[in-house]
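Q: coords please:
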Amino acid sequence: MPAAALIPLPTQSTAKRSVLLDLPYRPVEKRPLPPGRPREWYVSHNRRLKAMRLAIALLDSGVLVPNQARNEKIRSTAELIGVHPPSDTTCHMVRALMRYSR
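A: Residues are numbered from 1 along each chain as shown. Next up, the predicted model:
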C-alpha cells in the first residue's frame, strides 16, 4: 500500500464513528441590524434568521428529512435552544431550508 493512501485528504473525516451532541446548536450573539430599511425587511430578515437557527438545530439533533420536522418538533426545538415559538410560516420555512440543503 502506498504511503499516500494512509494520509487522509483534508476533506475526509478521521473520526471512527459519528459524535452525538448533548444539545443542538446554540445561537450566536446578535448584532444590530442596519438602520433605514422598511419594516417588512426587518420582519422577513428576522424570520429567515430564526428559520436558519432552527434548521441547524434540527439537523444537529438528528432530524435529517423535512418530513420528520413537524410543527410540534420545530416548536419544541425552539424551546430547547431558547428562541420564541415559531409561527406556521416560519415552520414552513424551516422545512424548506432543510429540503434545499440536500
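Q: Identify each buried residue in the helix ranked longest in the chain, please.
A: When the chain is parsed with DSSP state H, its longest helix is helix 39-60. Neighbour counts over helix 39-60 (16 or more other C-beta atoms under 10 Å) mark 50, 51, 53, 54, 55, 56, 57, 58, 59 as buried. In short, each C-beta sits where N, CA and C put it, glycine included.
Q: Was I right to think residue 84 contacts residue 54?
A: No. Distance between residue 84 and residue 54: 10.9 Å, which falls outside the contact criterion (C-beta atoms under 8 Å).
Q: who touches both of the two?
A: Counting by C-beta atoms under 8 Å, 6 or more residues apart in numbering, the shared contacts of residue 84 and residue 54 are residue 78.
Q: okay, the longest helix of the chain in PDB with CA atoms only?
A: The C-alpha trace of helix 39-60 is given here as PDB (Å, rounded to 0.1, in the frame of the first residue of the first chain):
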ATOM      1  CA  ARG A  39     -40.200  47.300   8.500                       C
ATOM      2  CA  GLU A  40     -41.100  44.400   6.200                       C
ATOM      3  CA  TRP A  41     -37.400  43.800   5.500                       C
ATOM      4  CA  TYR A  42     -36.600  43.500   9.300                       C
ATOM      5  CA  VAL A  43     -39.600  41.100   9.800                       C
ATOM      6  CA  SER A  44     -38.500  38.800   6.900                       C
ATOM      7  CA  HIS A  45     -34.800  39.100   7.800                       C
ATOM      8  CA  ASN A  46     -35.500  38.000  11.400                       C
ATOM      9  CA  ARG A  47     -37.800  35.200  10.200                       C
ATOM     10  CA  ARG A  48     -35.100  33.900   7.900                       C
ATOM     11  CA  LEU A  49     -32.500  34.000  10.800                       C
ATOM     12  CA  LYS A  50     -34.900  32.100  13.100                       C
ATOM     13  CA  ALA A  51     -35.600  29.500  10.500                       C
ATOM     14  CA  MET A  52     -31.900  29.000   9.800                       C
ATOM     15  CA  ARG A  53     -31.200  28.600  13.500                       C
ATOM     16  CA  LEU A  54     -34.000  26.100  13.900                       C
ATOM     17  CA  ALA A  55     -33.000  24.100  10.800                       C
ATOM     18  CA  ILE A  56     -29.400  23.900  12.100                       C
ATOM     19  CA  ALA A  57     -30.600  22.800  15.500                       C
ATOM     20  CA  LEU A  58     -32.900  20.100  14.000                       C
ATOM     21  CA  LEU A  59     -30.100  18.800  11.800                       C
ATOM     22  CA  ASP A  60     -27.800  18.700  14.800                       C
END
